[in-house]
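Undergrad: give me a 3D structure for the following:
(one chain, ligands or ions: 2)
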Amino acid sequence: MSDCLFCRIAAHEIPADIVYEDDEVVAFEDVNPQLPVHTLIIPKKHYAHVGDGVPEETLGRVFKTVEKVAALKGLEESGYRIVANTGEDGRQTVHHLHVHVLGGARMPIRMGPAD
Ligand code: AMP
Ligand code: ZN
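TA: Ligands and ions are numbered 1, 2, ... in the order given. Reported below is the predicted structural model:
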């Protein structure tokens, strides 16, 4: 999808600070980090979110990349949080499947109330 920001990052049409890439996925730094480590993992092929008929193989590759990013970022011992905001109520803002890897500091204890 030529008008999709993350498709364009996957195609190297828009610059990103890429930390890992293979034939099926790209991991790059979030432009607005919420914690010291904030890396996004995307499949190169466009899916809107995890509920968009994503093949198991692709989901597997995306989630297996979490382990690689955690190792590259030195998070294996300290731990981290992975998040996949999905749709309107999930406050997804970029509608290309992505997993946030957040770490490098303790997460807030719990989420706030809904609004
Ligand atoms: P979400 O709200 O789950 O859809 O997350 C989208 C994320 O993409 C946000 O954390 C943004 O900071 C991040 N983002 C938006 N544009 C870019 C960009 N050009 N490069 C890297 N991250 C981006
Ligand atoms: Zn896309």
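Undergrad: kindly list the longest helix within this protein.
TA: helix 56-72 (DSSP state H).
Undergrad: which helices and strands sit right next to the helix or strand that comes right after it?
TA: Counting by DSSP states H and E, the next helix or strand C-terminal to helix 56-72 is strand 80-83. On a contact count with 3 or more Cβ pairs under 8 Å, 6 or more residues apart in numbering; DSSP states H and E, strand 80-83 meets strand 99-103. Just so you know, the C-beta spots here come from the backbone N, C-alpha and C atoms, and that holds for glycine as well.
Undergrad: neighbouring contacts of the strand it packs on?
TA: 27, 30, 34-42, 62-63, 66, 69-70, 73, 75, 78-85 (Cβ atoms under 8 Å, 6 or more residues apart in numbering).
Undergrad: what's the longest strand seen in the chain packed up against?
TA: Longest strand in the chain by number of residues (criterion: DSSP state E): strand 37-43. Here strand 37-43 touches helix 5-10, strand 25-29, helix 56-72, strand 99-103, going by 3+ Cβ pairs under 8 Å, 6+ apart.
Undergrad: how about those, which one is nearest residue 18?
TA: strand 25-29 (4.8 Å; Cβ to Cβ).
Undergrad: quick check, pLDDT for residue 1.
TA: pLDDT, residue 1: 68.
Undergrad: where does pLDDT dip in the protein?
TA: 1 (pLDDT under 70).
Undergrad: sorry, back to before: the longest strand of the chain: which residues count as buried?
TA: Going by neighbour count (16 or more other Cβ atoms under 10 Å), the buried part of strand 37-43 is 37, 38, 39, 40, 41, 42, 43.
Undergrad: same for ligand 1: which of the residues you listed are within range?
TA: Contacts with ligand 1 within the buried residues of strand 37-43, as defined by Cβ under 6 Å from any ligand atom: residue 40.
Undergrad: mind putting the buried residues of strand 37-43 into a markdown table with distance to residue 56?
TA: What follows is those, written out as a markdown table (distance: Cβ to Cβ, whole Å):
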| residue | distance to residue 56 |
| --- | --- |
| 37 | 27 |
| 38 | 27 |
| 39 | 23 |
| 40 | 21 |
| 41 | 16 |
| 42 | 17 |
| 43 | 12 |
